[in-house]
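A.B. asks: here's a sequence, model it:
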Amino acid sequence: MLFDSHAHLNAIQYEEDIVEVIQRAKDEKVTHIVVVGFDRDTISKAMELTDQYDMIYAAVGWHPVDAIDMTDEDLNWIKQLASHPKVVAIGEMGLDYYWDKSPKDIQKEVFRKQIKLAKEVKLPIIIHNRDATEDVVRILQEENASEVGGIMHCFTGSLEVAKQCMDMNFYISFGGPVTFKNAKKPKEVVKEIPMDRLLIETDCPYLTPHPFRGKRNEPSYVKYVAEQIAELRGVTLEEVATKTSDNARKLFGITR
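C.D. replies: Numbering: from 1, shown residues only. Take a look at the predicted model:
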């Protein structure tokens, strides 16, 4: 069984064929999918999907690129949604210094507010980090994010940074980039992450793994991430699938 710990089936790219996408995931033995909402529209759609499909759970939060758009009402809404039985995490949240829509100081403020909220509602957090590693790690440390832990989503950083995050009770999640031929760092790092701290994801519709790179990603392709990790670590696909699924269920508090 496979657990896709980060998907965006709430994206417009799936409006026409969501039923078929879900069926293909089931055919590839994907048993659980966490759909991540990161603004008003995608949070609403994620919640709809949790009602429609038993295998879908939701994470709700505010993306750093859009931090400038988040209001106090939005934060209160996220807090209310956190009590829903199928909301399993707050996020994705973090810092993104690649895009410049939201000023860095606003990104940091919104990031800190969401960590505080997660600690209040006692849910793990999902971290988005792009070109902002030093500030992300510092803020996680300053806000005592270890109280709730969470996921370093689609990790492409160094082993040193991974260790800092694991020390704060975070899991390290790998997606499509670990399958890319030129992705030397993720391939090296994934071999060193303890199995009880490892997760897999698609981040679909983005970051499609080899051999489908360039096409729309979907949860059924999480198998290719697991296969690559198994090959790199010298273990079976079944071992990676079982352990990462166990890890995700433990983190998210999912008992079935």
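A.B. asks: which SSE is the spatially closest residue to residue 33 that is not a sequence neighbour in?
C.D. replies: Closest residue to residue 33 apart from its sequence neighbours, by CB to CB, 6 or more residues apart in numbering: residue 4 at 4.7 Å. For the C-beta atoms, the positions are set from N, CA and C on the backbone; glycine is no exception. In the assignment (DSSP states H and E), residue 4 maps to strand 2-7.
A.B. asks: and that strand, average pLDDT?
C.D. replies: In this model, strand 2-7 carries a mean pLDDT of 98.
A.B. asks: circling back: ok, the residue nearest to residue 33 touching residue 201?
C.D. replies: Yes - counting by CB atoms under 8 Å, residue 4 does reach residue 201; the two are 5.9 Å apart.
A.B. asks: which one of those two has more residues nearby?
C.D. replies: residue 4 (32 against 28; other CB atoms under 10 Å).
A.B. asks: list the contacts for that one?
C.D. replies: 25, 30, 32, 33, 34, 200, 201, 202, 204, 219, 222 (CB atoms under 8 Å, 6 or more residues apart in numbering).
A.B. asks: one more: residue 68?
C.D. replies: 101, 102, 103, 106.
A.B. asks: try 10 Å
C.D. replies: 101, 102, 103, 106, 107, 110 (CB atoms under 10 Å, 6 or more residues apart in numbering).
A.B. asks: pretty sure the fifth one sits in a helix.
C.D. replies: It refers to residue 107. Yes - counting by DSSP: H, G, I helix; E, B strand; the rest coil, residue 107 falls inside a helix.
A.B. asks: what's the neighbour count on it?
C.D. replies: Neighbour count for residue 107, taken as other CB under 10 Å: 26.
A.B. asks: before we move on, what about the last one?
C.D. replies: Neighbours of residue 110 under the rule other CB under 10 Å: 25.
A.B. asks: doesn't residue 90 make contact with it?
C.D. replies: No - here residue 110 does not reach residue 90: they are 12.0 Å apart, not a contact under CB atoms under 10 Å.
A.B. asks: list residues touching both of these two?
C.D. replies: 61, 62.
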